[in-house]
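1. when you get a sec, could you give me coordinates for this:
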Amino acid sequence: MPLIGDIFLSEILKKSVFDMKGEELGRIHDVIVVKGEPIDGRERSDDYPPRIEALILEKRDNFYRVDYESLSIFNRRMMTTVLQRTNLPVYDTFDVDLLAARDVLDKQVVDINGAKVVRVNDIKIEGYRSWAVLVAIDVGMRGILRRLGMEKKGMEILSFFKLQMPDNLIRWDFLQPLSPRLKSISLKVSQQKLSKIHPADLADIISSVSRDEGARFFRSLDVESAAETLSELESDTQVEILSNMDTKKAAEIIEEMATDDAVDILSDLPKDKTQQILNTFEQEDADAIHELLGHEEDTAGGLMNTEFLMYNCETKVKEVIERFKTDASDVETIYYLYVADKDGRLVGVVSLKILLMSDGEVPLSSIMVTNIKSVRPEDDESIVAAKISKYNLVAIPVVDEDDQMVGLVTADDIIDRILPPNAKKKRKKI
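-> Sure, this is the predicted structure:
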């Protein structure tokens, strides 16, 4: 077995390979990697650690192939082969093979544990049976120092200060199958683990990798996680992902989103894609979306969410609490309960705190606040922001000319709108 123990790729790159007579055949330019063989009772080929099939040597701007099986010694100090200069095959199939240095080193990889994107700084190689197999990627600072030839010195300095720098390794069997000329690398991650990552962190990951990799990563999310993550992405990324996604899957994600977020995204999509998505909706839901799309984006109507909880003023507190357990599941965010008279006009508002502290036998009319601050659908976003700020509200109802509540605008929605002025754009009509 040529390799005993372990080495890192950076330790052998540019190292000389000799024949049995001690003549230098060339320096290692890269290594060819192929799928490995079954180990430890594993049955699926994707679970086999990849192995080094051959070395690519460079000498005087020419490249040669040295099959791993022809090596007699392979370690960080010495590499020899039974081949000789006269029977050394020329190598010219760079675009066909998966090469460790070219295709893996310095590529981005999603680190789910840290919910971020890191870089492959080195590759750990171990001997297994008669092969050298790739067992892990190094994404830590130690890998960078090793490639710079400063690992030993760096560890000595840290040791002086009684500090340590462990290898930050990701095992190879956590990586998705690789292919030549790839731009980034993704991990095999369970849906359970993905669902625990904050949507904003998932959005950062998607935005940090290539477009294709980001789209693949997004498609791996469950519908709920995808909906939450989509609302955190930049507009152009949202459009690109949904435009190239199956319409049915895109519609499922859009339906899971808050109405205001869904409308914002649909307004940015090409009209035909938006219409295809809306055609999959129930007619009532599609009509509601069409109505919201008719509002200018920088108005209360364009900002509002149509999901809210409203109860009749004569409903008893205990009944509201009981109904709330079911009704709340269909509403994304609840800050207040709104109260209507028998004609459906907005007449009051009740905070959840007041509701829970009140006598269950009294009607909402006896605990509601009647001095309601509201806006009209056509009011400019600056008016909405001013009222929310002046009255220290977390949400403000939107009412029509008949005082019927048609939606609400939350403080975070208005903050998102007024902070990045360069992100504003007119909504397209469909």
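2. now residue 29: which helix or strand?
-> strand 24-34 (DSSP states H and E).
3. buried residues, that strand. List them.
-> 25-33 (16 or more other C-beta atoms under 10 Å). Every C-beta, even on glycine, is put in place using the N, C-alpha and C of the backbone.
4. with stretch 274-281 instead?
-> Buried, per 16+ other C-beta under 10 Å, within stretch 274-281: 274, 277-278, 281.
5. out of these, which comes closest to residue 293?
-> Nearest to residue 293 out of the buried residues of stretch 274-281 is residue 274 (C-beta to C-beta; 8.3 Å).
6. any regions of the protein where pLDDT drops low?
-> Scanning the chain with the threshold set as pLDDT under 70 gives 1-4, 36-48, 110-116, 174, 176-179, 181-195, 416-430.
7. what is the burial count for residue 321?
-> When counting by other C-beta atoms under 10 Å, one arrives at 14 neighbours for residue 321.
8. against which helices or strands is whichever strand or helix holds it packed?
-> Using DSSP H and E, residue 321 sits in helix 317-327. Packing partners of helix 317-327 (3 or more C-beta pairs under 8 Å, 6 or more residues apart in numbering; DSSP states H and E): helix 352-357.
9. how far does whatever helix or strand comes next after the helix it packs on sit from its chain's centre?
-> Moving toward the C-terminus from helix 352-357, the next helix or strand (DSSP H and E) is helix 381-390. Counting by C-alpha atoms, centre = their mean, to the nearest Å, helix 381-390 is centred 33 Å from the centre of its parent chain.
10. got the contact list for whatever helix or strand comes next after helix 381-390?
-> On the C-terminal side of helix 381-390, the closest following helix or strand by DSSP H and E is strand 395-399. Strand 395-399 has contacts (C-beta atoms under 8 Å, 6 or more residues apart in numbering) with 300-301, 304, 308, 333, 335-336, 338, 346, 349, 372-377, 384, 387-388, 405-411.
11. which of the residues you listed are buried?
-> Of the contacts of strand 395-399, these count as buried by 16+ other C-beta under 10 Å: 300-301, 304, 308, 336, 338, 346, 349, 372, 374-375, 377, 384, 387-388, 405-411.
12. what number of residues lie near the residue lying closest to residue 90 once chain neighbours are set aside?
-> Closest residue in space to residue 90, ignoring its immediate chain neighbours: residue 64 at 6.1 Å, by C-beta to C-beta, 6 or more residues apart in numbering. Close neighbours of residue 64, defined as other C-beta under 10 Å, add up to 21.
13. over to residue 6?
-> Residues near residue 6, counting by other C-beta under 10 Å: 15.
14. contact partners for it?
-> 124-127, 135.
15. could you redo the last one with a cut-off of 10 Å?
-> 75-76, 124-127, 132, 135-136 (C-beta atoms under 10 Å, 6 or more residues apart in numbering).
16. and the buried ones among the residues you listed, selectable in ChimeraX?
-> A single ChimeraX command selects the buried members of the contacts of residue 6 (16+ other C-beta under 10 Å):
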select :75,124,125,126,127,132,135,136
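17. got the contacts of residue 6 as a markdown table, with secondary structure and distance to residue 21 columns?
-> Listed next are the contacts of residue 6 as a markdown table, based on DSSP: H, G, I helix; E, B strand; the rest coil; distance: C-beta to C-beta, whole Å:
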| residue | secondary structure | distance to residue 21 |
| --- | --- | --- |
| 75 | coil | 20 |
| 76 | coil | 22 |
| 124 | strand | 32 |
| 125 | strand | 27 |
| 126 | strand | 30 |
| 127 | strand | 25 |
| 132 | strand | 24 |
| 135 | strand | 33 |
| 136 | strand | 36 |
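18. quick one: which of the buried residues of stretch 274-281 is nearest to residue 83?
-> residue 277 (60.4 Å).
19. name the SS class of the closest residue to that closest one other than its chain neighbours, please.
-> Spatially, and ignoring its direct neighbours in sequence, residue 277 is nearest to residue 251 (4.7 Å; C-beta to C-beta, 6+ apart). Look at residue 251: counting by DSSP: H, G, I helix; E, B strand; the rest coil, its state is helix.
20. isn't residue 251 right up against residue 276?
-> Yes - between residue 251 and residue 276 a contact is recorded at 8.2 Å, counting by C-beta atoms under 10 Å.
21. show the end-to-end separation of stretch 368-386, please.
-> Its first and final residues considered, stretch 368-386 spans 24 Å by C-alpha to C-alpha, to the nearest Å.
22. repeat for stretch 361-373
-> Start-to-end, stretch 361-373 (C-alpha to C-alpha) is 27 Å.
23. what's it in contact with?
-> 311-320, 336-341, 346-351, 354-355, 357-359, 387-388, 390-391, 393, 396-397, 399, 403, 405.
24. can you rerun that using 6 Å?
-> The set of residues external to stretch 361-373 that reach it, using C-beta atoms under 6 Å, 6 or more residues apart in numbering, is 313-317, 339, 348-350, 354, 358, 387, 391.
25. which of these count as buried?
-> Buried subset of those (neighbour count, 16+ other C-beta under 10 Å): 313, 315-317, 339, 348-350, 354, 358, 387.
26. mind listing the helices for the stretch 101-250 of the chain?
-> Assigned by DSSP state H, counting those that start in this stretch, the helices in the stretch 101-250 of the chain fall at 141-147, 151-160, 191-194, 199-208, 211-219, 223-230, 235-243, 247-256.
27. what would those look like in JSON lines with distance to residue 88?
-> Converted to JSON lines, these look like this (distance: least, C-beta to C-beta, whole Å):
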{"stretch": "helix 141-147", "distance to residue 88": "28"}
{"stretch": "helix 151-160", "distance to residue 88": "32"}
{"stretch": "helix 191-194", "distance to residue 88": "47"}
{"stretch": "helix 199-208", "distance to residue 88": "42"}
{"stretch": "helix 211-219", "distance to residue 88": "37"}
{"stretch": "helix 223-230", "distance to residue 88": "52"}
{"stretch": "helix 235-243", "distance to residue 88": "47"}
{"stretch": "helix 247-256", "distance to residue 88": "52"}
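28. that older thread, ok, so of the buried ones among the contacts of stretch 361-373, who is nearest residue 205?
-> residue 387 (36.9 Å).
29. quick one: contacts for that closest one?
-> Residues counted as contacts of residue 387 (C-beta under 6 Å, 6+ apart) are 373, 396.
30. please tell me how far it sits from residue 298.
-> Distance, residue 387 to residue 298, by C-beta to C-beta, to the nearest Å: 15 Å.
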